Structures are given as structure tokens and as C-alpha cells.
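Enquirer: Below are the sequence and a predicted model; questions follow.
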Amino acid sequence: MDDLIVIGAGQSGLATAALAPHHGFPRTLVLEAADRAGGAWPHYYDSLTLFSPARYSALPGMPFPGEPDRYPGRDEVVAYLRDCARRLPVEVRTSTTVTSATRHDGAWAVRAADGSRFTARALVAATGDFGTPHTPELPGRAEYGGRLLHAAGYRAPAPFAGQRIVVVGGGNSAVQIAAELGAVAEVTLATRRPLRWLPQRPLGRDLHWWLKHTGGDIAPLGRWLHRLPASVLDDGHWRAALAGHGVDRREMFTRLAPDGVVWADGTKEAVDTVVLATGYRPAFPYLDGSGALDTEGRPRHRGGVATTVPGLGFVGLEFQRGFSSKTLRGVGRDARHVLTRLRRQPS
């Protein structure tokens, strides 16, 4: 029997695994559904860049290589995470999809789709939410004849050249996707409220420097921040890109029509593609029936530690303990918190 099983080898799972042997879990096993570590990162759109500099984007004990003040791209992050996985002092078992995890006689029994079974005294769910993109209810969706695509399925602008496109969303991903599509297509960014721009480098220092040195992203402030509307972190580049490519912002359309959208003023417009940059929702189907989830499938937890089932933690939840909980910079802090409290729980 292992001391700890970590489900997921993305940034959250790898951060947890890196810290586990130093927090009372020397025998730790990481289970990953994909054939390689990296979590959702290999599946993000090609041009994605981190919103935080490399110096603030490292997992515990594993600095991000290269110039520390640059903003690494997707492929750099994938390479970094896979290198971290190779350097971990624990076993990472890939191509292992967990189908169930239940608590029996003081231990967790974990089953995989290939029939494998594993046991451990503690379990950390770190599978993220990329696999469950959120698609809001859109009136007229069933009759819309164009392409409706979530950002999870978007990769590059070339296939959309010459189209009329509406991107829905007011966060960084929506702005980045709209800006690069604007170079090859006619694009509108549709949001329910005006864009909120946050300076990337207030007073000459990256925002993440200020958050780290002031403690500004630590609970309880971090839990309050999630109530605010989505914001766009920008040093001026993305705002200029939207303007330069003629991307306009409009109030969210009221409904989809067979050939396009109906805007708030009643105007109908033909639209080839609607891209939904509307985020994701956590899902832990392998914990169904464990008592760890509420009626809507959300984890019952406090700071990432399950409140209804012993020996269970979560890492990588949005605003789990603060503003940076779902980021490369924040997962290590949250993993340390969860592991410390799991270690103190009686067997």
C-alpha cells in the first residue's frame, strides 16, 4: 500500500508529488490518464503564453529555465512539466485512467480503466477541469447553423481565415484568441460588461511580484477576488492588438439565429463561427459515491482538504485558497497546505 496516490500529472499533481516525500508521504504514486505528463497544457491553443513571468511560474524546487522575466509559451511549459515529471522522486504511471476512488477500512481503493487497482492511506485529486469546458445556455443554439466552438477546441487562426467570428468571454484567453483571429478574420468580442484591464507591470514590476510580496492573493482576499468580473492582465500588447486588428467589443448577443446572432439592439448578423472562451468547471467522476462531492458534483472542502471524507485533498481548484491557486505559482503553496493537514489526520 502506498502512502499517497495523486490523480493527475499536470501542474497540480506534479507540485503535490514533488512535496509529498518531504511531508510524510515517502511512498507516493502519481496516476495520469494521458501517455505523458503535462496535464491540459499540451491541449491549449498554440499561441498561449503564461500570464506570469518564468520566475513566478515554477513548481516547488524546480526553477523554470531561461530568462526569468519572460512570459513562457505553451510548448515551453509542456517541456518544463515533462522534465519535472522525470525528475520526481516518486513513480508516475501514465496511460492510467482512474474510474473510481472509494474509502474502505481507513484506506483509499483506486481502480483504473485497465483493471488495475491501487491502495493508499491518502488521496489527492489533481485532475483539473480542462476536460469539462463550460458552455453557457445560449438561446437558439439548436438552430444555429454555423460552427460553435469552445476555446478548449481552438488551436490556431489559419482555419478561420476570411470568416466572420464572434468570441464570447472577457478574460485573457478570450482576448488572446480574439486578437490573433483578428489578423485573419473579422472578429467581435462579445461580453456582458465592458472589459476590465489590469496592468501587467504596475510601477515597473510585474503584478505577480506585488502579489507575492504583499500577500495580496492569499485568503481571505483571494476568496473575495473570485466574485469580481473577469479581468484581462495586459502590459498594453493585447489592447493594442485588438485595436490594430479591428476587433471590436459589443454587448453579448441575445440569441443565436440559424445563420448568425441577434445583437442586443435587435440587429441580426451572419456569423460563421462562435468561439466560447467561457471557462471550465471542475469534475471528479471517479469520486462519485465517495461522499466527497455535493449534489452538483463539486468537492466539499476547506482550503483543499475534504470536509466529509478523511484522507482526501484537492489541488488546483480555482480560488482554492487564493487568487493564484490554479496557477503554476500557486499550486505548490496549496499542495503544501493540503499535505500538511492530511499528514495530521489519523489513519
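Expert: Now that the structure is in, tell me what you want to look at.
Enquirer: Name the nearest residue to F284, ignoring sequence neighbours.
Expert: In this structure, F284 finds its nearest non-sequential neighbour in A125, 5.5 Å apart by C-beta to C-beta, 6 or more residues apart in numbering. Every residue, glycine included, has its C-beta placed from N, CA and C.
Enquirer: actually F130, sorry about that
Expert: Beyond its immediate neighbours in the sequence, the residue positioned closest to F130 (C-beta to C-beta, 6+ apart) is A40, lying 3.4 Å away.
Enquirer: Is that neighbour in contact with A126, as I believe?
Expert: No: taking C-beta atoms under 8 Å as the definition, A40 is not a contact partner of A126, at 11.6 Å.
Enquirer: got any residues that touch both of these two?
Expert: Shared contacts of A40 and A126, defined by C-beta atoms under 8 Å, 6 or more residues apart in numbering, are found at G10.
Enquirer: quick one, which of the two is more surrounded?
Expert: Shown here are A40 and A126; by other C-beta atoms under 10 Å, A126 has more neighbours (30 against 17).
Enquirer: does A335 count as helix, strand or coil?
Expert: Secondary structure for A335, judged by DSSP: H, G, I helix; E, B strand; the rest coil, is helix.
Enquirer: Please apply the same query to the one 4 residues further on.
Expert: Under the three-state scheme (three-state DSSP), L339 adopts helix.
Enquirer: if I look at R193, how far off is V187?
Expert: To V187, R193 is 19 Å away according to C-beta to C-beta, to the nearest Å.
Enquirer: Compare those two (neighbour count), which wins?
Expert: When neighbours are counted by other C-beta under 10 Å, R193 and V187 differ, and V187 comes out ahead with 26 against 10.
Enquirer: Now L189: phi and psi?
Expert: Backbone dihedrals for L189, given as degrees, to the nearest 10, come out at phi -100, psi 120.
Enquirer: Could you check the pLDDT of it?
Expert: Confidence per residue is given as pLDDT, and for L189 that number is 97.
Enquirer: is it true that it touches G246?
Expert: No: counting by C-beta under 8 Å, L189 sits too far from G246 to count as a contact (11.3 Å).
Enquirer: Which one's more surrounded, the two?
Expert: L189 (25 against 11).
Enquirer: and the more buried one, what does it touch?
Expert: 166-167, 169-170, 174-175, 178, 195, 242, 247-250.
Enquirer: go with 6 Å
Expert: V167, A178, V247, R249 (C-beta atoms under 6 Å, 6 or more residues apart in numbering).
Enquirer: would you list those residues in a markdown table and tack on neighbour count and distance to V271?
Expert: Compiled in a markdown table, the contacts of L189 are given as follows (neighbours: other C-beta atoms under 10 Å; distance: C-beta to C-beta, whole Å):
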| residue | neighbour count | distance to V271 |
| --- | --- | --- |
| V167 | 29 | 11 |
| A178 | 28 | 14 |
| V247 | 22 | 14 |
| R249 | 15 | 15 |
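Enquirer: Which of those residues sits closest to E76?
Expert: Nearest to E76 among the contacts of L189: A178, at 23.1 Å, using C-beta to C-beta.
Enquirer: Looks to me like the closest one is in a strand.
Expert: No: counting by three-state DSSP, A178 is located in no strand; its state is helix.
Enquirer: Buried residues in stretch 94-101, which are they?
Expert: For stretch 94-101, a neighbour-count test (16 or more other C-beta atoms under 10 Å) marks T96, V98, S100, A101 as buried.
Enquirer: for stretch 106-119, same thing?
Expert: For stretch 106-119, using 16+ other C-beta under 10 Å, the buried residues are A107, W108, A109, V110, R111, A112, F118.
Enquirer: Could you do stretch 329-336 as well?
Expert: Of the residues in stretch 329-336, R329, G330, V331, G332, R333, D334, A335, R336 count as buried by neighbour count, 16+ other C-beta under 10 Å.
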